[in-house]
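Colleague: I would like to see how this sequence folds:
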Amino acid sequence: MSRVCPWWLGYLLANPIRKLIHDPGKLLRPFIADGMIVADIGSGMGFFSLPMAALVGNKGKVVCVDLQEKMLSSLIKRAKKAGVLDRIVTRRAQKDSLNMEDMAGSADFVLAFAVVHEVPDQERLLQEIHRLLKQNGCLLISEPKGHVTRQEFSRTISLALAIGFKTASTPSIWREHSMVLVKTAGL
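Modeller: Predicted structure coming up:
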């Protein structure tokens, strides 16, 4: 984990002003519907998780996965304040696991926003996400252009394709390399 976002930066990333650049509702509404089970990998303090909880409605769930306990505890406080805590499930990842084996085949959608480049074994991460998704479930990978080159992003996508994803679309997200992938084959 060469570049894990420090927990204190989570406060800046969760700042409401960020919505002017990355509006979670606008970015995620095409992929998330009422009643879905979705996951936010590298959720931080919930910038995307809380809007995802609004999109899944009362019958849906958002599984928030982060390596840092301080990120998750802050997310829980923010979810409670927003009135969506009942839709949030937190998982503390380990350096080599998302700790989601019990949820295999249950997610309709997974978001990996600015996190894949922080993981030393991207292939393992993508395999775990693949197992987590239902057949035809979607994964949105978005990586910051300031940290990830086009070549590095292409390598990540190549790994995903080799695992059994297929490309679905290339959303335009400001200052991000982004790709929507669909699970089409089993591992």
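Colleague: Ala107 contacts Asp40, correct?
Modeller: No - between Ala107 and Asp40 there is no contact under CB atoms under 8 Å: 10.4 Å. For the C-beta atoms, the positions are set from N, CA and C on the backbone; glycine is no exception.
Colleague: which neighbours do the two have in common?
Modeller: Shared contacts of Ala107 and Asp40, defined by CB atoms under 8 Å, 6 or more residues apart in numbering, comprise Val63.
Colleague: so which residues of the protein form strands?
Modeller: Applying DSSP state E to the chain gives strands spanning 37-41, 61-66, 88-92, 107-113, 133-144, 165-169, 176-183.
Colleague: including mean pLDDT and mean neighbour count, could those go into JSON lines?
Modeller: Below are the strands of the chain laid out as JSON lines (pLDDT from 0 to 100; neighbours: other CB atoms under 10 Å):
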{"stretch": "strand 37-41", "mean pLDDT": "98", "mean neighbour count": "26"}
{"stretch": "strand 61-66", "mean pLDDT": "98", "mean neighbour count": "26"}
{"stretch": "strand 88-92", "mean pLDDT": "97", "mean neighbour count": "18"}
{"stretch": "strand 107-113", "mean pLDDT": "98", "mean neighbour count": "24"}
{"stretch": "strand 133-144", "mean pLDDT": "97", "mean neighbour count": "20"}
{"stretch": "strand 165-169", "mean pLDDT": "97", "mean neighbour count": "16"}
{"stretch": "strand 176-183", "mean pLDDT": "98", "mean neighbour count": "21"}
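Colleague: can you list those strands in a markdown table and add distance to Leu98?
Modeller: Shown next, in a markdown table, are the strands of the chain (distance: least, CB to CB, whole Å):
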| stretch | distance to Leu98 |
| --- | --- |
| strand 37-41 | 7 |
| strand 61-66 | 5 |
| strand 88-92 | 7 |
| strand 107-113 | 10 |
| strand 133-144 | 12 |
| strand 165-169 | 16 |
| strand 176-183 | 15 |
